[in-house]
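> Sequence below, structure please.
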Amino acid sequence: MQGLSAQDKERLCQCLADVFSARSVSIDAMSILSGGAIQENWALDLTITGGQRDGHLSTVLRTDSPTGVAVSLSRAQEFSLLQAAWDAGVTVPEPLLCVTDMAVIGKEFCLMRRVGGTALGQRITRDMTVGGDREALTERLGREMARIHSITPQTHQFAFLDAPPDDPAAAELASMCRFLDEMDRPRPVLDWTIRWLQRNRPEPQGTVLAHHDFRTGNYMVDESGLTAILDWEFAGWSDRCEDIGWFHAMCWRFSGRDKPAGGIGSREAFARGYEGVSGIKIDQTRVYYWEVYAHLRWAVIALQQGDRYLVGGERTLDLGLTGRRPAEMELEMLRMTAPHTLGEAA
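Sure, this is the predicted structure:
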């Protein structure tokens, strides 16, 4: 979306006025936000006259990029999950509205209150002036994930999500195999890793709502600590350890490779937070399995992102560079699946 035309802005303001029961809404400023490889995010500063939200409102308008990946949720679906997370006490941007009427700006979009801080993984893992005490932040993130996992098939129904799998590990592996079969390219290390995952698959232990992209780079921090958990477009039912493994995986530690919890802290601090809220002890052997899977999944997503550049015609530097990342993941998969390393989490 290359900005909005004058007509688009007029329709958007009228739409927002109707939803907010306001006499009028005007756009003071609008600018594209950095990040967001799957979706587009726009900072939108509004002046609202009348109604319950009378005054100035700083928001983010979130809509689709020109191309996407197959497993990404729609904006309306993502908004529904964001609302459920907000209601469960997860620290997320306040969800304001979702519009599916394509006549407004030509795409579905959702609007949420803008929060302060940075989500840049490289900065969070290096710059000690943001995020506050790192062990405290790590423990806080453990608590946040536990609140997400309090949403289960027994407490919530989401018609747009696939039915909860009886065996999340088997279902996730089958999904990765389908993607690789459709790509029809030889990737021997990925084949090796799939075989390792099949042979070491853990027994199912229940299903929760998994964020599916809970990692450094997808939460925001300011000078004092956490301000929001972001990017819910991949969420779905799975094993709780899938999220835990994704957060701890080497591929998401950025410059903090020696800090296993997201490149910022210790496994122990994260476990304190998670176990304190959930009452469930983390099984580190299961987490190791899902860390191996995290590298497989990120390699497949990187291949899909590369196709958006090579095949889909979305010529952005970020997508082109991401398409070269699978080799890094393959090196880590080989390290983690060597016979003597089973369960030896870094």
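> going forward, measure contacts between C-alpha atoms and count neighbours the same way
Will do.
> leaving aside the residues next to it on the chain, what's closest to V287?
Closest residue to V287 apart from its sequence neighbours, by Cα to Cα, 6 or more residues apart in numbering: G245 at 5.0 Å.
> contacting residues for the one you found?
Contact partners of G245, counting by Cα atoms under 8 Å, 6 or more residues apart in numbering, are 287-291, 294.
> and of these, the nearest to L120?
Checking the contacts of G245 against L120 by Cα to Cα gives A294 as the nearest, at 19.9 Å.
> Can you spell out which helices and strands pack onto the one helix or strand the closest one maps to?
Applying DSSP states H and E as the criterion places A294 in helix 284-310. Applying 3 or more Cα pairs under 8 Å, 6 or more residues apart in numbering; DSSP states H and E, we find helix 284-310 packed against helix 168-183, helix 188-199, helix 240-248, helix 317-322, helix 326-337.
> So which residues make contact with the last one?
By Cα under 8 Å, 6+ apart, the list of residues contacting helix 326-337 from outside reads 189-190, 193, 196, 250-251, 292, 295-296, 298-300, 302-303, 341-342, 344.
> I'd like to check the angle between it and helix 188-199, please.
Interaxial angle, helix 326-337 versus helix 188-199 (axes from the mean of the first three to the mean of the last three Cα atoms, to 10 degrees): 40 degrees.
> Tell me how far the residue lying closest to S278 once chain neighbours are set aside lies from L61.
Among residues not flanking S278 along the chain, A146 sits closest, at 5.5 Å (Cα to Cα, 6+ apart). Per Cα to Cα, to the nearest Å, A146 is found 27 Å from L61.
> low pLDDT regions in this protein?
Where the chain drops to pLDDT under 70, the residues are 1-2, 35-38, 66-71, 309, 311-313, 341-346.
> one more time with 50
1 (pLDDT under 50).
> which residue is nearest the middle of it?
With distances taken as Cα atoms, centre = their mean, D213 lies nearest the centre of the chain, 3.3 Å away.
> what's that residue in contact with, if anything?
Going by Cα under 8 Å, 6+ apart, D213 touches 231-232, 234-235, 243, 246-247.
> With respect to A159, which of these is nearest?
Proximity of those to A159 (Cα to Cα) peaks at A235, which lies at 13.3 Å.
> Report the secondary structure state of S31.
Of the three states, S31 takes strand under DSSP: H, G, I helix; E, B strand; the rest coil.
> all strands of this protein, in order?
Using DSSP state E, the strands found in the chain span residues 24-32, 39-49, 55-64, 95-99, 109-113, 208-210, 219-221, 226-229, 236-238.
> Looking at these, which is nearest to P260?
strand 219-221 (16.6 Å).
> how close does the residue nearest to L4 when sequence neighbours are not counted sit to E10?
The shortest distance from L4 to any non-neighbouring residue, by Cα to Cα, 6+ apart, is to I105 (7.5 Å). Note on I105: its distance to E10, by Cα to Cα, is 10 Å.
> More neighbours: which of these two?
Between I105 and E10, counted using other Cα atoms under 10 Å, the more crowded position is I105 (20 against 16).
> Now do the same contact list for that one.
By Cα under 8 Å, 6+ apart, the residues touching I105 are 4, 8-9, 11-12.
> what's the distance between it and A6?
11 Å.
> What residues sit buried inside stretch 270-282?
By neighbour count on 16 or more other Cα atoms under 10 Å, the buried set for stretch 270-282 is 270-275, 277-278, 282.
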